[in-house]
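**Student:** following is a predicted model, sequence given first.
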Amino acid sequence: MMTRASALALFVAIALFSGICSGQEATGTPPFGSFGGGPDVVNLGDLNAHIAIPVIHKAGRGLPFSYDLSYDSSVWYPVSVSGNQTWTPVANWGWRGVTEAAVGYRSYNWQAVGCDPGLGRITHYIDYHDPAGSVHRFPTNWSTCDGPSPITVPASDGSGYVYYLSLTAEALYTRDGATIDTVANTIADRNGNVLSTSVNSGTTTITDTLGTTALTISGSGTQSNPMVYQYTGPSGLVSVTAHYTDLPPVFVHVRIRQLSAAPSWV
Amino acid sequence: MARFVLVPLVCLLFIPPALGQSAPASDPRALTFAARSIAALTGGTPAAEVTLTGTAVWTAGSDQQTGTATLMAKGSAESRVDLNLSGGARSEIRNVNGNLNEGNWIGVDGAVHAIALHNCLTDASWFFPALGTLATAGRNSNLVFTYMGLESLGQTSLQHIHAYTYDAQFSEAQQLSAMDFYLDPQTLRPRIVTFSEHPDNNGSVNIPVQVMFSDYRNVDGTSIPFRIQRYVNNGLMLDVRITSAKMNSGIADSSFIVQ
């Protein structure tokens, strides 16, 4: 039986080493998570359902190329504005963006702050949203007011990602030394093999590490102009079209979680 | 450190604009519409301050509270909203007279909190456009106006003006200060004003705010909207029906003190 002292120590340890708390539920398949279900992957910690619809998976030189249409069900999260709570949707309503599904993207949590003189920005943390929908957080607390020094920050989730940030540059490194450019939307491994994306006249082209076009994506995601994914298969050009349908409003089943008021040993 | 030079990922967000850059020029058509709108609101006599009192319905999800509202604004920098609701009193004070802290909100517990600075770059007098961005068009070279054209919103067409504050030192100001004014094409009085507010701890997330003005009445030569509805995230959050309006009554600056 756990003594009060050891229980208290455990509680303090959990409090000290738990990740940064935000209103958003963890999506994708975060490291060290517990999952169930299928084909949708249910995070047993927060009941987010992640579903991935494969478009193309192929080998490459150094870096393989995978592209899935994926969705996470934890869309709404609460935010507070001057004492008012409001529910806010995540980007793209839970679906991965066109290039996000290939290389991910990064977002910032920052606040405006008063410098002397003028205004500046303190970046509390940077999130890297990987192609599979998991979010990797880099706590930065980095202010632009005083001409800050560059920083190098590891992800807080133990995933091995490292972020470099300065006033003029930023870079994201994976555990095995690849560099992800979330501005140019490219990934380069440590041997110089590059997976890149480009957009021309509304068509996104993804080029694999062999220098060949792995996938082209066109369309605007509407009924009249659906998204079309095209790649060269063993027997010629393959097209995957995402069709869109207007659905009537649905009632949303709200999941309410409740923490017990106090453990029984208190 | 080879890895730091291999891929110097230049991020627009993190590059401060060159010092000495000047604000882009405003669209003359937008300035003309703004000036004509202010003239339509004030009758040609600039407004200095306003006090509006009325009834308020406050809605947050399933919680709906009713009560009274007092809205005060002085110049373009100071405003105060006091709501005395069935669930308790609530106030918001804005004062952008050069302080690092430019706003307070006071909840039902009476505690004073700072309004996040990134929520203080739009008009302090969001409920009374005659004292806001429109009134300073052409007088503040850092306020950039663009004429967006005649646009259809629902059943009606409105003249659309976009405005933002240019700050060479703080590029995010363009996004944080952006406001859109939709003017009645006949009277040129503002019908809808939209802008974004942001979570207290995150200026990068935009929450749409839409303020709708209707039931304009003439008070001492000034055209005042007697119904003001504030939508947040596309839901009606505050519905104020004005019962009394006073112009230039001499509001003390002490009403707008921010802690």
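**Tutor:** Sure, I can see it.
**Student:** now do the residue lying closest to B:Q259 once chain neighbours are set aside against B:E92, distance only.
**Tutor:** Nearest non-adjacent residue to B:Q259, counting by Cβ to Cβ, 6 or more residues apart in numbering or on different chains: B:V112, 5.4 Å away. C-beta: built from backbone N, CA, C; applies to glycine. With distances taken as Cβ to Cβ, to the nearest Å, B:V112 is found 11 Å from B:E92.
**Student:** quick one: pLDDT of the residue nearest to B:Q259?
**Tutor:** The model reports B:V112 with a pLDDT of 95.
**Student:** what's the local residue count around it?
**Tutor:** Number of residues near B:V112 (other Cβ atoms under 10 Å in any protein chain shown) recorded here: 12.
**Student:** how about A:I122?
**Tutor:** 18.
**Student:** please apply the same query to the one 3 residues further on.
**Tutor:** Using other Cβ under 10 Å, A:Y125 is surrounded by 20 other residues.
**Student:** next up, the contacts around the residue nearest to B:Q259.
**Tutor:** Applying Cβ atoms under 8 Å, 6 or more residues apart in numbering or on different chains, one finds that B:V112 lies in contact with B:N104, B:W105, B:I106, B:Q259.
**Student:** what parts of the stretch 151-259 of chain B come near chain A?
**Tutor:** B:167, B:169-170, B:172-173, B:176, B:197-205, B:207, B:232-233, B:237 (Cβ under 8 Å from any Cβ of the partner chain).
**Student:** mind listing what's buried along stretch A:149-158?
**Tutor:** Neighbour-count burial for stretch A:149-158 flags A:V153, A:P154, A:A155, A:S156, A:D157 (criterion: 16 or more other Cβ atoms under 10 Å in any protein chain shown).
**Student:** in chain B, what residue lies closest to chain A?
**Tutor:** B:L100 (3.3 Å; Cβ to the nearest Cβ).
**Student:** which SSE is that residue in?
**Tutor:** Here B:L100, judged by DSSP states H and E, is contained in no helix and no strand.
**Student:** beta partners of the closest residue in space to it that isn't next to it in sequence?
**Tutor:** For B:L100, ignoring the flanking residues on the chain, the nearest one in space by Cβ to Cβ, 6+ apart is A:G114 at 3.3 Å. Listed by DSSP bridges, the beta-bridge partners for A:G114 are A:L119.
**Student:** wait, A:G114 sits on B:L117?
**Tutor:** Yes: A:G114 lies in contact with B:L117 (Cβ atoms under 8 Å); the separation is 6.3 Å.
**Student:** so for the two, which residue has more residues nearby?
**Tutor:** Counting neighbours by other Cβ under 10 Å for A:G114 and for B:L117 shows that B:L117 has the greater number, 20 against 15.
**Student:** do I have it right that the more buried one meets A:Q111?
**Tutor:** Yes: B:L117 is within contact range of A:Q111, at 7.0 Å (criterion: Cβ under 8 Å).
**Student:** all strands for the stretch 51-200 of chain A, in order.
**Tutor:** A:65-72, A:76-81, A:84-89, A:105-114, A:119-129, A:135-143, A:151-154, A:162-165, A:170-173, A:179-181, A:186-188, A:194-200 (DSSP state E, counting those that start in this stretch).
**Student:** a markdown table for these, including mean pLDDT?
**Tutor:** Listed next are the strands of the stretch 51-200 of chain A as a markdown table, based on pLDDT from 0 to 100:
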| stretch | mean pLDDT |
| --- | --- |
| strand A:65-72 | 93 |
| strand A:76-81 | 93 |
| strand A:84-89 | 90 |
| strand A:105-114 | 89 |
| strand A:119-129 | 91 |
| strand A:135-143 | 92 |
| strand A:151-154 | 95 |
| strand A:162-165 | 94 |
| strand A:170-173 | 94 |
| strand A:179-181 | 94 |
| strand A:186-188 | 95 |
| strand A:194-200 | 94 |
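**Student:** wait, what's in contact with the closest residue to chain B within the stretch 101-250 of chain A?
**Tutor:** Closest contact between the stretch 101-250 of chain A and chain B, by Cβ to the nearest Cβ, is at A:G114 (3.3 Å). Contact partners of A:G114, counting by Cβ under 8 Å, 6+ apart, are A:G120, B:L100, B:N101, B:L117.
**Student:** check the secondary structure at the residue nearest to A:A102 when sequence neighbours are not counted for me.
**Tutor:** Computed as Cβ to Cβ, 6+ apart, the closest residue to A:A102 that is not its neighbour in sequence is A:I206, at 5.4 Å. Per DSSP: H, G, I helix; E, B strand; the rest coil, the local secondary structure of A:I206 is strand.
**Student:** swap in the one 3 residues further on?
**Tutor:** Remark: A:T209 carries the secondary structure label coil [criterion: three-state DSSP].
**Student:** and the gap between it and B:A47?
**Tutor:** 64 Å.
**Student:** next one: B:L85
**Tutor:** Taken as Cβ to Cβ, the span from B:L85 to B:A47 is 28 Å.
**Student:** so which of the two has more stuff around it?
**Tutor:** It is B:A47, of B:L85 and B:A47, that has more neighbours when counted by other Cβ under 10 Å, with 23 against 17.
**Student:** which SS state does the closest residue to that one other than its chain neighbours fall under?
**Tutor:** Distances taken as Cβ to Cβ, 6+ apart place B:A130 nearest to B:A47, at 4.7 Å, with adjacent residues excluded. Remark: B:A130 carries the secondary structure label helix [criterion: three-state DSSP].
**Student:** where exactly do the strands run in chain B?
**Tutor:** B:49-60, B:63-74, B:78-85, B:88-95, B:103-106, B:112-114, B:143-153, B:156-165, B:179-183, B:190-197, B:207-219, B:222-232, B:235-247 (DSSP state E).
**Student:** turn those into JSON lines, including distance to A:G233.
**Tutor:** Shown next, in JSON lines, are these (distance: least, Cβ to Cβ, whole Å):
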{"stretch": "strand B:49-60", "distance to A:G233": "53"}
{"stretch": "strand B:63-74", "distance to A:G233": "55"}
{"stretch": "strand B:78-85", "distance to A:G233": "62"}
{"stretch": "strand B:88-95", "distance to A:G233": "60"}
{"stretch": "strand B:103-106", "distance to A:G233": "58"}
{"stretch": "strand B:112-114", "distance to A:G233": "58"}
{"stretch": "strand B:143-153", "distance to A:G233": "45"}
{"stretch": "strand B:156-165", "distance to A:G233": "47"}
{"stretch": "strand B:179-183", "distance to A:G233": "47"}
{"stretch": "strand B:190-197", "distance to A:G233": "44"}
{"stretch": "strand B:207-219", "distance to A:G233": "43"}
{"stretch": "strand B:222-232", "distance to A:G233": "48"}
{"stretch": "strand B:235-247", "distance to A:G233": "47"}
